[in-house]
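Visitor: mind folding the following:
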Amino acid sequence: MNPILKFIGTVIILGVLALWMKTGQAAEDWLVVTVGSRHDEPGYNEKNWGIGVEHGLSRDWRALAGTYRNSYYRQTVYVGAARTLWRSGNWLFGITGMIVTGYGDRPEPVFFPAIAYEGRTFGVNFGPVLPSVVALQVKMRF
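Guide: Residues are numbered from 1 along each chain as shown. Below is the predicted model:
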């Protein structure tokens, strides 16, 4: 991975963590572990290990930042936001928008529907990124 992109990703992640520490909204902050993805076609990396954070900005908005090994076997750094549009019990449904690296020559925007299950301490994020790709993250409140 390009050292400049690594540096930028590190600064973004540290910035989100600093914002969390300043606001102290621990009830809406999550440590996120990217686990994997499922593709309809063979040949892609489906073990997408990574780490990130979700910081609650309000009841329905979150800031996101992290890194993972993408489907092309490259390191990806991401920063973005998620908006919850509808809730049903512990289930959240909304949309996520991010800037990601590692898929082309330069960072690019991506948008996809977001589905999450959030218990008291642990949760799961499902991201149908494309019609043929679904991503999975597990998370823990901190």
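Visitor: what's the longest strand in this structure?
Guide: The longest strand of the chain (DSSP state E) is strand 75-88.
Visitor: would you mark the buried spots in that strand?
Guide: Within strand 75-88, the residues that count as buried by 16 or more other CB atoms under 10 Å are 75-80, 82, 84. All C-beta atoms are positioned from the backbone trio N, CA, C, and that covers glycine.
Visitor: and the helix or strand just after that strand, what does it pack onto?
Guide: Where DSSP states H and E defines the elements, the next helix or strand beyond strand 75-88 is strand 91-100. Here strand 91-100 touches strand 75-88, strand 108-118, going by 3 or more CB pairs under 8 Å, 6 or more residues apart in numbering; DSSP states H and E.
Visitor: so which of those comes closest to residue 67?
Guide: strand 75-88 (4.9 Å; CB to CB).
Visitor: show me what the closest one is packed up against.
Guide: Short answer (3+ CB pairs under 8 Å, 6+ apart): strand 75-88 packs on helix 3-23, strand 50-56, strand 61-69, strand 91-100.
Visitor: now the longest one: average pLDDT?
Guide: Yep, that's helix 3-23 we're talking about. Across helix 3-23, pLDDT averages out at 62.
Visitor: again with the shortest one
Guide: Here the mean pLDDT over strand 50-56 is 94, rounded to a whole number.
Visitor: which of the residues in that strand are buried?
Guide: Buried residues in strand 50-56, defined by neighbour count with 16+ other CB under 10 Å: 50, 52-56.
Visitor: coming back round to it: turn the helices and strands packed on strand 91-100 into JSON lines, including mean pLDDT and distance to residue 137.
Guide: Below are the helices and strands packed on strand 91-100 laid out as JSON lines (pLDDT from 0 to 100; distance: least, CB to CB, whole Å):
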{"stretch": "strand 75-88", "mean pLDDT": "95", "distance to residue 137": "11"}
{"stretch": "strand 108-118", "mean pLDDT": "94", "distance to residue 137": "9"}
